[in-house]
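Asks: Following is a predicted model, sequence given first.
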Amino acid sequence: MTQAETVFRHGKTKPTELVQLKEGSRVFLKIRPTTLEERLAWMQRVRKIREQIYEREGFLPSCTDDIAEDRMR
């Protein structure tokens, strides 16, 4: 079983992290709003991961060019 936080916008949920599922997989979704403490803890984990990437790579990769290219298609 996989557990992931999602964001609900425009009538759809979108995971905040990569979820390993096959395209078209059906899942059971249990909805529970998160608390401020849970969101702050998640942000702390993200900061730690960013720091680890920076230490390993020497920079933080940017996907801005990839996003711009995709939007031009």
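Replies: Thanks, I have it.
Asks: Tell me which stretches of this structure form helices.
Replies: Ranges of helices in the chain, per DSSP state H, are 36-57, 64-72.
Asks: Count the neighbours of residue 45 for me.
Replies: Close neighbours of residue 45, defined as other C-beta atoms under 10 Å, add up to 11. For the C-beta atoms, the positions are set from N, CA and C on the backbone; glycine is no exception.
Asks: Give the burial count for residue 37, as a bare number.
Replies: Residues lying near residue 37 (other C-beta under 10 Å) number 8.
Asks: Look up how far residue 70 lies from residue 56.
Replies: 26 Å (C-beta to C-beta, to the nearest Å).
Asks: Pull the number of nearby residues for residue 6.
Replies: 15.
Asks: residues contacting residue 15?
Replies: 4-6 (C-beta atoms under 8 Å, 6 or more residues apart in numbering).
Asks: between those residues, which is closest to residue 42?
Replies: In terms of C-beta to C-beta, no member of the contacts of residue 15 lies closer to residue 42 than residue 5, at 6.4 Å.
Asks: my guess is the closest one contacts residue 18, does it?
Replies: No: between residue 5 and residue 18 there is no contact, the gap being 11.9 Å when judged by C-beta atoms under 8 Å.
Asks: residues in contact with residue 67?
Replies: Listed by C-beta under 8 Å, 6+ apart, residue 67 has no contact partners.
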